[in-house]
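with the sequence up front, the predicted model follows.
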Amino acid sequence: MGNAIIGLEVHSQLNTESKLFCSCPTTASEPNTAVCPTCCGFPGAKPVLNKKDVDYAIMVALALNCKINNEFFFSRKTYFYPDLAKNFQITQYEIPVGQNGFVEIEGRQIRIRRVHLEEDPASLVHEGGMGASSYSLVDYNRSGVPLVEVVTEPDLESPQEARKFLDALLTTLNYIGVYSHGESVLKADCNISIKGGARVEVKNVTGFRAVEDALEAEFERQKKEVAGGSKMVQHTRGFDAETKSTYEMRTKESDDDYGYVSDTDLVKTHVDEAWLAGIMKRMPELADAKAKRFEKQYGVKGYDAKVLSSSKVLADIFEDCAKIDAVIAARLVSRELLGILNHNKLSLTETKINSGGISGLVSLVKNAKVSERNAKESLIRYALEGIAPKEFLEKNEMLIDVSLGELERAVKEAAAENKDAFSEFASGNTKSLNFLIGIVMRKMKGKADARQIQKILGEMK
Ligand code: ZN
Ligand code: MN
């Protein structure tokens, strides 16, 4: 652990169909087509709060062990910039949806200060390169898109721990159904200081990986500054993802500069018992609880249980397949399948993989209808080409359709033709075992299960 003091403000989009305060869609292909007087800030246009976004924010706050405020409201955060047509952002300042929660990372509690809702500003598109010919375009499609902001206390002690925290947070958001790994955009403001030094905020870091990179770069920079005798001054920096370095933006603004005032166009939100109870009923089982249950219910090892619970889609696929055989399902999903996805830099959602395809393969493996090697080959094809394993194995005649009698004959033949190897195997030599399995495999043209061959050989000893 380093001696860094880190606090994060993480913004994640909530995937409701319409924006936070108007009925414009949250997705659009052409610039400035998903817009209306409200999200463009025309005078007199009135915002109306999207209830589904409140539901989501409450779910996030509950999952992070926060206290839910039964009454909260929205405020205007004033600043002047082309991405903000109204000259203020509607956000929550005085009373957020939830507060005082925590997340546990490897036995350590990271306190959550608050969870609140706010609207995203528009996006600026910079054109024309650098210099005098450069100009910027504004796309208001993003203006008013719902965001949930999670603010931690400065409890994180190193950039690595910050990454672990983000990992846990994003898994939670994924379970609630508001975040897709590899698809959803995450933006974080990262506050970091060295013990005793002034706090530096690295603003608007985009993406999960970039947060750790930005923190690492800024931590190293501060260490060098301090070692060189400089005194740290509180200020705001940006992060350049290409050079992996931070750069000075401006001296830090304070909350006073934003001149928060409550938004009188919006009514207060009251969360009564019935509303909260309804949400609690709909809360999904979260990753930690699921991992523990997988260990208990299916006898899955701790590491595998954690990996299998790291995303909801993956956990659901495993659980469907575990009904057939939990041990085979755990091995095929957490080791083989994830290995293939990582190797090809694919996320599960980018493939056509579903539990029907995987459970078909689990059945075949369980019934010794496919060799380990062909099972793996079929998983690779499934991930890359989307052909279900069973279909692929059938089409390529890779299924084991020979009788046990035929296999026994081949094993006996192999043993008789290789007497030395067989007696070495009988006295415990694994090399000879693998050699004999190879001979039988060749005789059977690959349509045999190595474990079954080993079993027959064992009975012949
Ligand atoms: Zn709108
Ligand atoms: Mn914010």
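Right, received. Where do you want to start? Ligands and ions are numbered 1, 2, ... in the order given.

ranges for the helices of the stretch 51-200 of the chain?
51-63, 159-176 (DSSP state H, counting those that start in this stretch).

closest one to ligand 1 among the ones you listed?
Nearest to ligand 1 among these is helix 51-63; the distance by C-beta to the ion comes to 13.9 Å. For every residue, glycine as well, the C-beta is placed using N, CA and C.

helices or strands up against the closest one?
On a contact count with 3 or more C-beta pairs under 8 Å, 6 or more residues apart in numbering; DSSP states H and E, helix 51-63 meets strand 67-68, strand 98-105, strand 108-119, strand 146-152, helix 159-176, helix 273-282.

now do the buried residues in that helix.
Across helix 51-63, burial judged by 16 or more other C-beta atoms under 10 Å covers Asp53, Val54, Asp55, Tyr56, Ala57, Ile58, Met59, Val60, Ala61, Leu62, Ala63.

which residues does the residue sitting nearest the centre point of the chain contact?
In the chain, the residue lying closest to the centroid (C-alpha atoms, centre = their mean) is His181, at 3.8 Å. Applying C-beta atoms under 8 Å, 6 or more residues apart in numbering, we find His181 in contact with Leu170, Asn174, Ser311, Ser347, Leu348, Thr349.

name the nearest of those relative to Tyr303.
Top of the list for closeness to Tyr303, among the contacts of His181 and by C-beta to C-beta, is Ser311 at 15.7 Å.

list the buried ones in stretch 188-195?
Neighbour counts over stretch 188-195 (16+ other C-beta under 10 Å) mark Ala188, Asp189, Cys190, Asn191, Ile192, Ser193, Ile194 as buried.

check whether stretch 46-62 comes near ligand 1.
No: using C-beta under 5 Å from the ion, stretch 46-62 stays clear of ligand 1, with a minimum separation of 9.2 Å.

in the stretch 51-200 of the chain, what residue lies closest to ligand 1?
Here the stretch 51-200 of the chain gets closest to ligand 1 at one residue, Gly144, 5.5 Å apart by C-beta to the ion.

and for that residue, the neighbour number?
Residues lying near Gly144 (other C-beta atoms under 10 Å) number 30.

just confirm it contacts Thr16, I think it does.
No: if you go by C-beta atoms under 8 Å, Gly144 and Thr16 don't touch, sitting 11.4 Å apart.

for the stretch 251-400 of the chain, which segments count as helices?
Using DSSP H, counting those that start in this stretch, the helices of the stretch 251-400 of the chain run over 255-258, 273-282, 287-298, 302-308, 312-330, 338-343, 355-366, 372-385, 389-395.

pLDDT on the fourth one, on average?
Translated: helix 302-308. Per-residue pLDDT over helix 302-308 has a mean of 92.

same check on the longest one?
Averaged across helix 312-330, pLDDT comes to 94.

now the angle between helix 287-298 and that helix, please.
On the basis of axes from the mean of the first three to the mean of the last three C-alpha atoms, to 10 degrees, helix 312-330 is oriented at 20 degrees to helix 287-298.

show residues contacting stretch 242-252.
For stretch 242-252, with C-beta under 8 Å, 6+ apart as the criterion, the contacting residues are 199, 201-203, 213-214, 217-218, 221, 233-240.

what's the average pLDDT for it?
The average pLDDT within stretch 242-252 is 86.

same check on stretch 166-183?
88.

got it, and stretch 265-284?
Stretch 265-284 shows a mean pLDDT of 95.

can you get me the start-to-end distance on it?
Its first and final residues considered, stretch 265-284 spans 34 Å by C-alpha to C-alpha, to the nearest Å.

repeat for stretch 383-394
End-to-end distance for stretch 383-394: 17 Å, by C-alpha to C-alpha.

residue in the stretch 251-400 of the chain nearest to ligand 1?
Asp265 (14.0 Å).

so that residue touches Pro43, yeah?
No: Asp265 sits out of contact with Pro43 when judged by C-beta under 8 Å, with a separation of 11.6 Å.

who's more crowded, these two?
Between Asp265 and Pro43, counted using other C-beta under 10 Å, Asp265 has the larger neighbour count: 15 against 6.

please identify, among the contacts of His181, the one with the most neighbours.
Going by other C-beta under 10 Å, Ser311 tops these with 22 neighbours.

hmm, that residue is touching Leu173, no?
No: at 10.9 Å, Ser311 and Leu173 do not qualify as touching, with contact defined as C-beta under 8 Å.

what residues does this structure put near ligand 1?
Proximity of the chain to ligand 1 (C-beta under 5 Å from the ion) is limited to residues Cys22, Cys24, Cys36, Thr38, Cys39.

8 Å - rerun?
Taking C-beta under 8 Å from the ion as the contact definition, the chain meets ligand 1 at 19, 21-24, 34-40, 143-144.

hey, which helix or strand in the protein has the poorest pLDDT?
helix 255-258 (a mean of 77; mean pLDDT, DSSP states H and E).

quick one: buried residues of it?
Applying 16+ other C-beta under 10 Å to helix 255-258 flags Tyr258 as buried.

what comes into contact with it?
The contact list for helix 255-258 (C-beta under 8 Å, 6+ apart) reads Lys77, Thr78, Tyr79, Tyr93.

ok, now with 10 Å
With contacts defined as C-beta atoms under 10 Å, 6 or more residues apart in numbering, helix 255-258 is touched by Ser75, Arg76, Lys77, Thr78, Tyr79, Phe88, Gln89, Thr91, Tyr93.

which of these scores worst on pLDDT?
Ranked by pLDDT, the contacts of helix 255-258 bottom out at Tyr79, which scores 87.

number of nearby residues for Thr33?
For Thr33, using other C-beta under 10 Å, the count is 12.

any idea how this protein splits into domains?
Under the assignment automatic domain parsing, the domains of the chain span 4-184+253-278, 285-395, 404-460.

measure the second one end to end?
For domain 285-395, the first and last residues are 39 Å from each other (C-alpha to C-alpha).

do the last one as well
Its start and end residues considered, domain 404-460 measures 15 Å (C-alpha to C-alpha).

buried ones in stretch 450-461?
Result for stretch 450-461 [16+ other C-beta under 10 Å]: buried residues Ala450, Gln452, Ile453, Gln454, Ile456, Leu457.

ugh, wrong one, stretch 227-239
Under 16+ other C-beta under 10 Å, the buried positions of stretch 227-239 are Thr236, Arg237, Phe239.

now do the shared contacts for Ser311 and Leu173.
Shared contacts of Ser311 and Leu173, defined by C-beta under 10 Å, 6+ apart, comprise Tyr179, Ser180, His181.

which ones are touching the first one?
Think Tyr179. Contact analysis of Tyr179 by C-beta under 10 Å, 6+ apart lists 12-15, 60, 148, 169-173, 185-186, 311.

over to His116?
Residues near His116 by C-beta under 10 Å, 6+ apart: 57, 60-61, 69, 72, 74-75, 91-93, 95-99, 147-151.
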